[in-house]
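# Mind folding the following:
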Amino acid sequence: MSFAARRPVLVAAGLLALLVGAVASFPARVALGWFAPPEIRAWGVSGTIWQGRAADLAVAGQALGTLSWDARLGGLLALRPTWDFELRQPDGFAEARVALFPDGKRQRITDLEAALDLATLAPALLPSGVAGQLRVSLQRLMIDNGWPTEIAGRAAVAQLELPGVIMPLGPFSFIFPDEPGSPAAEIVSTGGPLAVDGQVELPARGQWRFSAELAPGENPPPELVRGLVFVGEDLGEGRRRLVLSSEP
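Below you'll find the predicted structure:
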């Protein structure tokens, strides 16, 4: 092949190399400015979209900590960009592997491990006034258009504080079995003044259902025992059935 014949190929190869180089070195701070939702802010951003760090990350005005990320080559070759993310706080952490699907609407999160104080997430991700120690270990979490469609793993929360509740509750365990169908978790108390045995389900997008049997637990204060009388359906012997759902 003559040089004249090879020239278009060489030019195309050169342009492709420039494009790959530009993408590989695309500054993370520019990407955040272009693509991040307005409620996400970051400071001290360094590196590229493939490997970098944000010294401070905030969601809806709530500081979350230091975030770092590192892309995995295998995900790029499979046309499913994948990053390892790590969030660090003074008293907690969260780390996970996140893969983006080509349609841009789905994310697959695997190997999610986290230990956080719920108060550091509110009101960015939880209602104001919620606090407690959260521990999460999920093998898989599928997000479709912002809604979880698959969850497998477990979580636990201790010293749960809720608005309007006079005392901390828990500890509680949430077990998400690795089974087909819509996400559902078994909720079991592992001590504390309130005994809980129930389930939370996500049957469809935007819908949830909570059903549990409540009873006095270990050394319940009189206020809790008296308050249970006004909760849900009476099952006798101090037990109550509480059912809540997203439907009116």
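# Now do the contacts for the residue nearest to residue 129 when sequence neighbours are not counted.
Nearest non-adjacent residue to residue 129, counting by CB to CB, 6 or more residues apart in numbering: residue 163, 3.8 Å away. C-beta coordinates here come from the backbone N, C-alpha and C atoms, glycine included. Under the criterion of CB atoms under 8 Å, 6 or more residues apart in numbering, the neighbours of residue 163 are 127, 128, 129, 130.
# Let me see the backbone angles for the last one.
Main-chain torsions, residue 130, degrees, to the nearest 10: phi -90, psi 130.
# Can you name the helix or strand that residue 56 falls in?
Taking DSSP states H and E as the criterion, residue 56 maps to strand 51-59.
# Partner strands of that strand, with direction?
Strand pairing for strand 51-59, using DSSP bridges, gives strand 40-47 (antiparallel), strand 62-71 (antiparallel).
# So which bits of the last one are buried?
So that's strand 62-71. Buried residues in strand 62-71, defined by neighbour count with 16 or more other CB atoms under 10 Å: 62, 64, 65, 66, 67, 68, 69, 71.
# Where in this structure is the helix or strand with the lowest mean pLDDT?
Sorting the helices and strands of the chain by mean pLDDT, DSSP states H and E puts helix 3-24 at the bottom, at a mean of 42.
# just checking, next helix/strand downstream of that one?
Next along the chain after helix 3-24, taking DSSP H and E as the criterion, comes helix 28-35.
# tell me what that next one is packed against?
For helix 28-35, the packing partners by 3 or more CB pairs under 8 Å, 6 or more residues apart in numbering; DSSP states H and E come out as strand 40-47, strand 51-59.
# quick one: it to chain centroid distance?
22 Å (CA atoms, centre = their mean, to the nearest Å).
# tell me the mean pLDDT over stretch 121-141?
Mean pLDDT, stretch 121-141: 84.
# er, stretch 152-164 I mean
For stretch 152-164, the mean per-residue pLDDT is 89.
# Pull it out as CSV, backbone CA atoms only.
C-alpha atoms of stretch 152-164 as CSV (Å, rounded to 0.1, in the frame of the first residue of the first chain):
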residue,chain,number,x,y,z
ALA,A,152,-28.8,-8.8,48.0
GLY,A,153,-26.9,-8.6,51.3
ARG,A,154,-27.6,-7.2,54.8
ALA,A,155,-27.6,-4.1,56.9
ALA,A,156,-27.8,-3.2,60.5
VAL,A,157,-28.6,-0.1,62.5
ALA,A,158,-28.0,0.6,66.2
GLN,A,159,-29.2,3.4,68.5
LEU,A,160,-31.8,4.5,65.9
GLU,A,161,-33.2,7.9,66.7
LEU,A,162,-36.4,8.9,65.0
PRO,A,163,-38.3,12.3,65.1
GLY,A,164,-41.0,12.2,67.8
